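[1] Give me the fold of what follows.
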Amino acid sequence: MESKFYEEDKLLVFKITDEIDDCSVQKIRRRADYEMERYMPKRVIFDFDSVTFMDSAGIGMVIGRYKFANMLGAKFEVSNLGSSIKRIFDMSGILKLIPVTSN
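    Down below sits the predicted model:
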């Protein structure tokens, strides 16, 4: 996972480059939480452009990061959802909570 903070916009973007499963979720969660606390952004975007697989652990991780961002006063969004990832988000109901953006 790569992260980039845009100071002028107070925007923190996470580009996830791995499959999101039980093994990778812990690493993503720790890094995302650390970066959000470090930069205190106004807006957080998780970019799923390179993600080809996500299981239920990924859904929990996304919801947890959404709650954490809200607790810090940041807006949380997801972007570049491939068809399989979008279908998982639709079925889980995440898209009712979290907006999809085209950053």
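[2] Any buried residues in the helix or strand in which Asp33 is found, and which?
    Element membership of Asp33 [criterion: DSSP states H and E] is helix 22-39. Across helix 22-39, burial judged by 16 or more other CB atoms under 10 Å covers 24-25, 28-29, 32, 35-36, 39. All C-beta atoms are positioned from the backbone trio N, CA, C, and that covers glycine.
[3] Stretch 88-95 too?
    88-89, 92, 94.
[4] Same check on stretch 69-83?
    69, 72, 74-81.
[5] Off-centre distance for that stretch?
    Taking CA atoms, centre = their mean, to the nearest Å, one finds stretch 69-83 lying 5 Å from the centre of the chain it belongs to.
[6] Ends of that stretch, what's the gap?
    When the termini of stretch 69-83 are compared using CA to CA, to the nearest Å, they are 25 Å apart.
[7] Rounded mean pLDDT for that stretch, please.
    Stretch 69-83 shows an average pLDDT of 96 in the prediction.
[8] and the most centrally placed residue in the chain, bridged to which residues?
    Using CA atoms, centre = their mean, the residue of the chain that lies closest to the mean C-alpha position is Phe46, 3.2 Å off. For Phe46, the beta-bridge partners are Phe14, Val78 (DSSP bridges).
[9] Report pLDDT for Asp18.
    What the model reports as pLDDT for Asp18 is 84.
[10] All the strands of the protein, in order from the start?
    For the chain, strands defined by DSSP state E occupy the ranges 2-6, 11-15, 43-47, 75-79, 100-101.
[11] related to what we said a few turns ago, CA atoms of the helix holding Asp33 as PDB?
    Listed next in PDB are the C-alpha coordinates belonging to helix 22-39 (Å, rounded to 0.1, in the frame of the first residue of the first chain):
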ATOM      1  CA  ASP A  22      -7.000 -11.800   6.400                       C
ATOM      2  CA  CYS A  23      -3.200 -11.700   6.000                       C
ATOM      3  CA  SER A  24      -3.000  -8.200   4.500                       C
ATOM      4  CA  VAL A  25      -5.700  -6.500   6.500                       C
ATOM      5  CA  GLN A  26      -3.600  -6.100   9.700                       C
ATOM      6  CA  LYS A  27      -0.800  -4.400   7.800                       C
ATOM      7  CA  ILE A  28      -3.200  -2.000   6.000                       C
ATOM      8  CA  ARG A  29      -5.100  -1.200   9.200                       C
ATOM      9  CA  ARG A  30      -1.900  -0.300  11.100                       C
ATOM     10  CA  ARG A  31      -0.500   1.800   8.400                       C
ATOM     11  CA  ALA A  32      -3.700   3.600   7.600                       C
ATOM     12  CA  ASP A  33      -4.400   4.400  11.300                       C
ATOM     13  CA  TYR A  34      -0.800   5.600  11.800                       C
ATOM     14  CA  GLU A  35      -0.900   7.900   8.700                       C
ATOM     15  CA  MET A  36      -4.300   9.300   9.600                       C
ATOM     16  CA  GLU A  37      -3.200  10.200  13.100                       C
ATOM     17  CA  ARG A  38       0.100  11.600  11.800                       C
ATOM     18  CA  TYR A  39      -1.400  13.900   9.200                       C
END
